[in-house]
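Peer 1: I need the structure of the sequence given here:
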Amino acid sequence: MMDIRRSEDRGHANHGWLDSFHSFSFADYHDPAHMGFGALRVINEDRVKPGMGFGTHGHRDMEIVSYVLSGALEHKDSMGNGSVIRPGNVQRMSAGTGVRHSEYNPSAAESAHFLQIWILPGVMGIAPGYEEKTFSEADKRGRLALIASPDGRDGSVTIHQDALLFAGLFDGDESATQPIAPGRRAYVHVARGRVTVNGQALEAGDAAKIANEPAVNLEAGTGAEVLVFDLA
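Peer 2: Model prediction:
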């Protein structure tokens with residue numbers, strides 16, 4: 001079974017400095033039918049204007065993954081971490097018992113376009129943590145590269161949840177198949193471009209919830225960048 005949600009059906013908030021689309025209920029956008037999918041709680045597609053950003057604020061008990069599509073994002077947190085992440089970088093912050101951080105667009109000219117992903121942790125009250133890994137275009141070209149997992153395998157960042165996150169780039173006849181184990185389900189988010197998912201055409205911002213299917217099949221991509229979540 002596959003349930004498709006189109007980009008235009010997402011929640012939307014434009015704050016001037018921030019233009020954000022919400023795949024699930026977030027802040028002032030509330031839809032009881034879209035509160036998350038398994039442990040996946042938030043996918044916000046954010047565009048931040050040059051020189052603007054999120055001031056210092058706090059989080060607890062959440063696995064937060066940032067995935068930059070274009071531009072750059074400058075991170076600082078109460079653990080002493082500071083870095084600028086760009087396309088290819090994947091950042092994971094485990095909020096645990098509590099962490100404060102800020103995220104700014106350091107550019108004076110270019111907008112920052114990124115996905116903010118929240119995953120509920122399997123265990124509450126862990127020590128806060130931070131990690132950053134780089135995945136090249138070649139790593140993701142025509143395949144699904146593992147970028148987040150519970151055990152950090154294949155060079156992925158480590159999240160404290162029974163969930164896997166893959167990213168891939170697809171054009172032309174490039175394709176990939178990701179098996180779904182019995183009892184598990186998948187969530188596919190098209191970050192940009194267009195791609196066929198299990199026979200259905202999806203475009204940027206579209207998503208598919210997949211359950212009781214043996215696999216996720218991606219093909220016929222046009223400039224597609226795709227995230228696939230394997231969830232309990």
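Peer 1: quote the end-to-end distance of stretch 67-83.
Peer 2: 14 Å (C-alpha to C-alpha, to the nearest Å).
Peer 1: how about the nearest residue to L169 once chain neighbours are set aside, phi and psi?
Peer 2: Spatially, and ignoring its direct neighbours in sequence, L169 is nearest to K140 (4.7 Å; C-beta to C-beta, 6 or more residues apart in numbering). Any C-beta I mention is one placed from the backbone N, CA and C, and that applies to glycine too. Note on K140: backbone dihedrals following degrees, to the nearest 10 are phi -110, psi -10.
Peer 1: kindly report the same for D154.
Peer 2: With angles defined as degrees, to the nearest 10, D154 sits at phi 60, psi 30.
Peer 1: between the two ends of stretch 115-134, how far is it?
Peer 2: One end of stretch 115-134 sits 16 Å from the other (C-alpha to C-alpha).
Peer 1: what are the buried residues along it?
Peer 2: L115, Q116, I117, W118, I119, L120, P121, P128, G129, Y130, E131, K133 (16 or more other C-beta atoms under 10 Å).
Peer 1: repeat that for stretch 155-174.
Peer 2: If you call a residue buried by 16+ other C-beta under 10 Å, then stretch 155-174 has these buried ones: 156-161, 163-170, 174.
Peer 1: farthest-separated two in the residues you listed?
Peer 2: H160 and E174 (32.4 Å; C-beta to C-beta).
Peer 1: what is the nearest of the buried residues of stretch 115-134 to E203?
Peer 2: Out of the buried residues of stretch 115-134, the member with the shortest distance to E203 (by C-beta to C-beta) is L115, at 15.8 Å.
Peer 1: how many other residues sit next to Q91?
Peer 2: By the criterion of other C-beta atoms under 10 Å, Q91 has 21 neighbours.
Peer 1: show me where this structure has its helices.
Peer 2: 137-140 (DSSP state H).
Peer 1: turn the buried residues of stretch 115-134 into JSON lines, columns for distance to G96.
Peer 2: Shown next, in JSON lines, are those (distance: C-beta to C-beta, whole Å):
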{"residue": "L115", "distance to G96": "22"}
{"residue": "Q116", "distance to G96": "18"}
{"residue": "I117", "distance to G96": "17"}
{"residue": "W118", "distance to G96": "14"}
{"residue": "I119", "distance to G96": "13"}
{"residue": "L120", "distance to G96": "12"}
{"residue": "P121", "distance to G96": "8"}
{"residue": "P128", "distance to G96": "4"}
{"residue": "G129", "distance to G96": "7"}
{"residue": "Y130", "distance to G96": "11"}
{"residue": "E131", "distance to G96": "13"}
{"residue": "K133", "distance to G96": "19"}
